[in-house]
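Peer 1: Here is a sequence with its predicted model. Questions after.
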Amino acid sequence: MSTPSSKSAYALAVAASVVAGVLVAGQSRVNGELGVAMGDGALAALISFSSGLLILSLAMAVSARGRAGFATIVQELRAGALPWWSVLGGLGGGFLVLTQGLTAGILGVALFSVAVVAGQTLGAMWIDRAGFVGVPKVRLSLPRVVGALLVVVGVMASVEVWAGSAGALGWAFVLPLVSGAGTGIQQALNGRLRNRASSALAATFINFTVGTSALLVAWVVLLPVTGGPDSLPTQWWLYAGGLLGTLFIPIQTITVHRIGVLGLGVSLVTGQILGSLGLDYFLPVGEFRLGVWTVVGALLTIVGSALVTVARKPA
């Protein structure tokens, strides 16, 4: 039987997870605006991820458990007990941050977040159904199918397909949609590392190391196209994307033990969508302005994602 104190602790954990989702939206906004200000979204992503890596490196320096977990992963990789692809989860995170720098400043945070959440939800269904990267298979139930359809309808409403704005379904929208799907693989791989290392810090450090390395390569490859940054903005908060990333990860690690994976997923999506709507309403940026259909689509996406997540049952 639950007590008032346990109910309060659960409510507090849910609230903290929603705040973590708001921080995700904030990171999208910061990285998107930094990319627009510099004229180089790839460099904006690299700055965000590398600054997060610097913060995590400092944390690793003072955490014996984190260093021990990292050493365990290295040993298992060398011994062949852990496949090499298990450490590639950072590629998904790096691609997501890259799309923030390239498109969030163009689409606006709300539409960007709808695309990411749609990709996350539909990608998670595919991963669950296929049992990809060692994830236990989950059956495709009616509530999950209905939830997925609501997500698709939410996406259509957000881009106002029937209002003649189908142009929004260009590369700027497709990139975050694909990157959202990639985060499902990232979470699965990072969870595997966390379990083997017995340290969320070690798993996150590896994630940021791989992501930063990939973004450095991407920036160098795209440099002939982008031509480098137009200028370096002086607003300090535009460089806070990495810090925001290192803030919402510990919140997830702590609250998941209180509210479970399902509760965490719904809370994060809710915070991400509501935070993005608030940012676009009070602090609009880019060519897109918050419209009625974007709000309706975002709310439908929340409901659909919640259905898909809550109805997650083993096959």
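Peer 2: All right, it came through fine.
Peer 1: can you tell me the average pLDDT over the strand or helix carrying residue 192?
Peer 2: Element membership for residue 192 (DSSP states H and E) is helix 171-197. Mean pLDDT, helix 171-197: 84.
Peer 1: which other helices and strands contact that helix?
Peer 2: helix 64-79, helix 89-99, helix 105-107, helix 109-130, helix 200-226 (3 or more Cβ pairs under 8 Å, 6 or more residues apart in numbering; DSSP states H and E). Every C-beta, even on glycine, is put in place using the N, C-alpha and C of the backbone.
Peer 1: Does anything pack onto the last one? Which helices or strands?
Peer 2: For helix 200-226, the packing partners by 3+ Cβ pairs under 8 Å, 6+ apart come out as helix 41-62, helix 64-79, helix 89-99, helix 171-197, helix 241-282.
Peer 1: closest to residue 159 out of those?
Peer 2: With Cβ to Cβ, the closest approach to residue 159 among these belongs to helix 171-197: 6.6 Å.
Peer 1: between that closest one and helix 109-130, how many degrees?
Peer 2: Between helix 171-197 and helix 109-130, the angle comes out at 50 degrees (axes from the mean of the first three to the mean of the last three Cα atoms, to 10 degrees).
Peer 1: Please identify the buried residues of helix 171-197?
Peer 2: Neighbour-count burial for helix 171-197, counted by 16 or more other Cβ atoms under 10 Å, picks out 172-173, 175-194, 196-197.
Peer 1: and what of stretch 54-68?
Peer 2: Under the neighbour-count criterion of 16+ other Cβ under 10 Å, stretch 54-68 has 56, 60, 63, 66-67 buried.
Peer 1: which residue sits closest to residue 70, ignoring its sequence neighbours?
Peer 2: Distances taken as Cβ to Cβ, 6 or more residues apart in numbering place residue 202 nearest to residue 70, at 4.4 Å, with adjacent residues excluded.
Peer 1: OK, contacts around the one you found?
Peer 2: Applying Cβ atoms under 8 Å, 6 or more residues apart in numbering, we find residue 202 in contact with 60, 65-70, 72-73, 193-194.
Peer 1: try 10 Å
Peer 2: Residues counted as contacts of residue 202 (Cβ atoms under 10 Å, 6 or more residues apart in numbering) are 56, 60, 63, 65-74, 193-194, 196.
Peer 1: Ok, residue 238 next?
Peer 2: Residue 238 neighbours (Cβ under 10 Å, 6+ apart): 29-38, 44, 47-48, 232.
Peer 1: need these in TSV with distance to residue 305, secondary structure and neighbour count, can you?
Peer 2: TSV is the format used below for those (distance: Cβ to Cβ, whole Å; DSSP: H, G, I helix; E, B strand; the rest coil; neighbours: other Cβ atoms under 10 Å):
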residue	distance to residue 305	secondary structure	neighbour count
29	20	helix	28
30	23	helix	27
31	22	helix	32
32	22	helix	28
33	26	helix	24
34	27	helix	29
35	26	helix	30
36	28	helix	21
37	31	helix	18
38	32	helix	21
44	27	helix	33
47	30	helix	25
48	25	helix	31
232	37	coil	13
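Peer 1: Mind putting these into TSV with distance to residue 283?
Peer 2: As requested, the contacts of residue 238 are exported to TSV (distance: Cβ to Cβ, whole Å):
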residue	distance to residue 283
29	8
30	11
31	15
32	12
33	9
34	14
35	16
36	14
37	14
38	19
44	18
47	21
48	19
232	22
